[in-house]
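J.: generate coordinates for the sequence data below:
(4 chains)
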4 protein chains.
Amino acid sequence: MYVPKSYKRLKRGPQVILPKDIGFIIAYTGISKNSLCVDAGTGSGWLAVSLARICRKVVSYDIRADFLKIAEKNKAIEGLDNLELKNCDFTKSVKERDADLVTLDMPNAEKALRNASKALKPGGYVVGYLPQMEQVKKFVKKLDKAGFCNRMVYEVIARDMLVRDEGMRPSTKGVWHTAYLAFAEKKQEQ
Amino acid sequence: MYVPKSYKRLKRGPQVILPKDIGFIIAYTGISKNSLCVDAGTGSGWLAVSLARICRKVVSYDIRADFLKIAEKNKAIEGLDNLELKNCDFTKSVKERDADLVTLDMPNAEKALRNASKALKPGGYVVGYLPQMEQVKKFVKKLDKAGFCNRMVYEVIARDMLVRDEGMRPSTKGVWHTAYLAFAEKKQEQ
Amino acid sequence: MYVPKSYKRLKRGPQVILPKDIGFIIAYTGISKNSLCVDAGTGSGWLAVSLARICRKVVSYDIRADFLKIAEKNKAIEGLDNLELKNCDFTKSVKERDADLVTLDMPNAEKALRNASKALKPGGYVVGYLPQMEQVKKFVKKLDKAGFCNRMVYEVIARDMLVRDEGMRPSTKGVWHTAYLAFAEKKQEQ
Amino acid sequence: MYVPKSYKRLKRGPQVILPKDIGFIIAYTGISKNSLCVDAGTGSGWLAVSLARICRKVVSYDIRADFLKIAEKNKAIEGLDNLELKNCDFTKSVKERDADLVTLDMPNAEKALRNASKALKPGGYVVGYLPQMEQVKKFVKKLDKAGFCNRMVYEVIARDMLVRDEGMRPSTKGVWHTAYLAFAEKKQEQ
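T.: Down below sits the predicted model:
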């Protein structure tokens, strides 16, 4: 997939989250300049960097120090001093509170839901980036117990259109699938 | 299409731009807290409000005073003092300069390209929200003359997935098409 | 979804298989005027009727006598004397042998794989019409044990395009999902 | 795109029509063992061969003798004596009458509509295989004058699903677009 210049200048290590999915997360959750976001795991940091361009503060967790080195480079490229990178296991502990958004891109994202709930303010969003259907099922199953409601699951497809003198049509080939995006809100206190 | 709470609280008058398209515009153009955006026409103001949540300053033009009243309400709901609404014809005149993004949602968007170029800084993005393929063709044809390069056209599809005890599958019905999104960058000075 | 006239004249009782899926089954399996097809369950008989228009002989099984009455009407409407409708449980017994295609549209299609294999000639196709992803997984898991190979799973999407004086674009809304189609070939004797 | 064995054994010269589109044409038009089909242009003959597997008689026109040689090979591979290949320009003359289906896969398909109408019986279908949106527009514009009604235009998308131990999900990449399929019926005599 074509990558726009605000991403092309970034380093790529592990599999990145693409702008089509990043944009959907931003728009759907309505995060803003006042928002605090927590991101786990960082990977190459494309999502963390994108959130930090927009939000007040982003804290991103990864257990892999080598991935965080790539993310550090991307943070420097973008000159973002509101992005904090932590070499910690988010499923074990989280210090942040009253976050507006927690994003989870990790193999067993459902194991991070308890800490996501801890970090979020009531009404805040958790988003799971989940490549496989089975991951979606496991994630969704745990949402209720972990204190989340109003779940929605989407797959975002960006179709590249060719517009040329000989005619307009969708591109012959393209990226079909990256991951499902599962959204839920932390329940309001009762 | 399901509309998340950050949009559900907004008023709807004329046809709105949906979060799936708003998110793609935000992520693709890489706009940030430092960005100045110009938006024409405002309509119900969903895009203008979404940009203002994120950016330093948004100026939105519409020739219809009745639409701007709806947008004013949405601005108030969101409490956004960095959103300026102008009852002017953007194709006739534009005061803003060095903008990072100009978004165009109007019947003959190609007629606004000259002023879009005036308003943008070199490397800034123009985005046309264009429901019909003929509009895309007209828009794209004028880009070069108006001083734009690196054009890309996308259609963004958000597939709603059902995840229930009886099984997981895509929703039976859904929104297939809203509009094509045509992106181009203002050429760097030579 | 728009239904063409060769289907509009047919009766509809239980959920029917749509032409988009019927056509994919026909083309993908390469069935012809010489083919014997076995179909279970019949439902309203749209698939059975479509296969009988094309093939030498079609035998269709259903445990529901009320469904078969609808299918009998559709058989009469089309004047097809090569379509045999059987009020039997296909998972319990099957008399046909050397079939070119067995189609399965039933809640636990994987339970019919043993009899599908019995009915098919080596190299013949079984096709499961499976609305949910969990059904696909169960079906696929049993294929190897039941003597099948070369599995492929598809989802067929037919996008309706509007072509009008005011412009061309995809329809705003449409049918997103009916079912997954799982194909496999009966292994050649060794 | 994966090609099933009933096509893999065929020769490929010029761009072929894929099973996903062939199946949709067959199902949508409801052609059967009693049908006469006329096909122009032949190309590699995949569509002609597929129709001949199913129908009483297929006549396929191409102006390119080299393409017809490939189609002749495919006819021989399939042993189809009901497929007639003609090295003629279909837009200039057509001998067949009372056909059930005319398929058009050629650069200016709208120029073949007059002869398509001549060849068809009332209620018979013409189908244009049209890669570009502009071709669809030209084709549709001529339908009414050429005596056709009940037009429908589709794009058929076949999504390949991966079903593995590690999980189920759509394939990462795939074929997005081949061509639009434009259908219309010859008007009934009045």
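J.: the helix or strand where A:A52 lies - contacts with which helices or strands?
T.: Assigned by DSSP states H and E, A:A52 belongs to helix A:46-54. Other helices and strands packing on helix A:46-54, by 3 or more CB pairs under 8 Å, 6 or more residues apart in numbering or on different chains; DSSP states H and E, are helix A:19-29, strand A:36-40, strand A:57-61, helix A:65-78, strand A:83-86, strand A:99-104. All C-beta spots, glycine's among them, are computed from the backbone N, C-alpha and C.
J.: of these, which stretch is the most buried?
T.: strand A:36-40 (a mean of 29; mean count of other CB atoms under 10 Å in any protein chain shown).
J.: what strands flank that one, and is each parallel or antiparallel?
T.: Partners of strand A:36-40 in the sheet, by DSSP bridges, are strand A:57-61 (parallel), strand A:99-104 (parallel).
J.: name the residues that touch the shortest one?
T.: Judged by CB atoms under 8 Å, 6 or more residues apart in numbering or on different chains, the contacts made with strand A:57-61 from elsewhere in the structure are A:36-42, A:45, A:48, A:51-52, A:71, A:82-86, A:88-90, A:94, A:96.
J.: equivalent analysis for the last one, please.
T.: For strand A:99-104, the external contacting residues (CB under 8 Å, 6+ apart) are A:25, A:29, A:31, A:34-40, A:47, A:51, A:55, A:112-113, A:116, A:119-121, A:124-129.
J.: residue contacts, the closest residue to A:G41 other than its chain neighbours?
T.: The shortest distance from A:G41 to any non-neighbouring residue, by CB to CB, 6 or more residues apart in numbering or on different chains, is to A:D62 (4.2 Å). By CB under 8 Å, 6+ apart, A:D62 lies in contact with A:A40, A:G41, A:T42, A:G43, A:L68, A:A71, A:L85, A:K86, A:N87.
J.: phi, psi of A:D62?
T.: Dihedral angles of A:D62 (phi, psi; degrees, to the nearest 10) stand at phi -150, psi 140.
J.: quickly note the distance from the residue nearest to A:R151 when sequence neighbours are not counted to D:D144.
T.: The spatially closest residue to A:R151, leaving aside those adjacent along the chain, is A:A184, at 4.3 Å (CB to CB, 6+ apart). Per CB to CB, to the nearest Å, A:A184 is found 52 Å from D:D144.
J.: quick one, which of these two is more surrounded?
T.: A:A184 (26 against 12; other CB atoms under 10 Å in any protein chain shown).
J.: in the sheet, who's paired with the more buried one?
T.: When bridges are called by DSSP bridges, A:A184 pairs up with A:V126.
J.: show the pLDDT at it.
T.: Predicted confidence (pLDDT) for A:A184: 98.
J.: mind listing what it touches?
T.: Contacts for A:A184 (CB under 8 Å, 6+ apart) come out as A:Y125, A:V126, A:L143, A:F148, A:C149, A:N150, A:R151, A:M152.
J.: re earlier: adding mean pLDDT, write the helices and strands packed on helix A:46-54 out as TSV.
T.: Shown next, in TSV, are the helices and strands packed on helix A:46-54 (pLDDT from 0 to 100):
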stretch	mean pLDDT
helix A:19-29	97
strand A:36-40	98
strand A:57-61	98
helix A:65-78	97
strand A:83-86	98
strand A:99-104	98
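J.: redo those as TSV? Include distance to B:A76.
T.: TSV is the format used below for the helices and strands packed on helix A:46-54 (distance: least, CB to CB, whole Å):
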stretch	distance to B:A76
helix A:19-29	21
strand A:36-40	25
strand A:57-61	27
helix A:65-78	33
strand A:83-86	32
strand A:99-104	21
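J.: list the contacts for the residue sitting furthest away from the middle of chain A?
T.: Seen from the C-alpha centroid of chain A, the residue lying at the greatest distance (CA atoms, centre = their mean) is A:E166, 38.9 Å away. Applying CB under 8 Å, 6+ apart, we find A:E166 in contact with D:Q132.
J.: what's the distance between it and D:P131?
T.: A:E166 is 10 Å from D:P131, where distance means CB to CB.
J.: what is the lowest-mean-pLDDT helix or strand in chain A packed up against?
T.: Ranked by mean pLDDT, DSSP states H and E, the weakest helix or strand in chain A is strand A:173-175, scoring a mean of 87. Contacts defined by 3+ CB pairs under 8 Å, 6+ apart place strand A:173-175 against strand A:148-164, strand D:173-175.
J.: look up how far chain C lies from the residue nearest the centre of chain A.
T.: Centroid-nearest residue in chain A, with CA atoms, centre = their mean: A:T103, separated by 4.4 Å. Distance of A:T103 to chain C, given as CB to the nearest CB, to the nearest Å: 24 Å.
J.: got a list of what A:K11 touches?
T.: A:S44, A:I70, A:K73, A:N74, A:I77.
J.: could you measure from it over to A:I70?
T.: Taken as CB to CB, the span from A:K11 to A:I70 is 5 Å.
J.: kindly report the same for A:D100.
T.: 26 Å.
J.: do A:A146 as well
T.: From A:A146 to A:I70 the distance is 30 Å (CB to CB).
J.: my guess is A:R9 meets A:I77, correct?
T.: Yes: under the criterion of CB atoms under 8 Å, A:R9 makes contact with A:I77 at 6.0 Å.
J.: residues contacting stretch A:68-84, please?
T.: Residues outside stretch A:68-84 that contact it (CB under 8 Å, 6+ apart) are A:9-14, A:42-46, A:48-49, A:52-53, A:55-60, A:62, A:85, A:87.
J.: ok, 7 Å please
T.: A:9-11, A:13, A:42, A:44-45, A:48-49, A:52-53, A:56-60, A:62, A:85, A:87 (CB atoms under 7 Å, 6 or more residues apart in numbering or on different chains).
J.: ok, stretch A:137-154 next?
T.: A:24, A:109-110, A:113-114, A:117, A:126, A:128, A:130, A:136, A:180-187, B:2, B:158-161, B:163, B:168.
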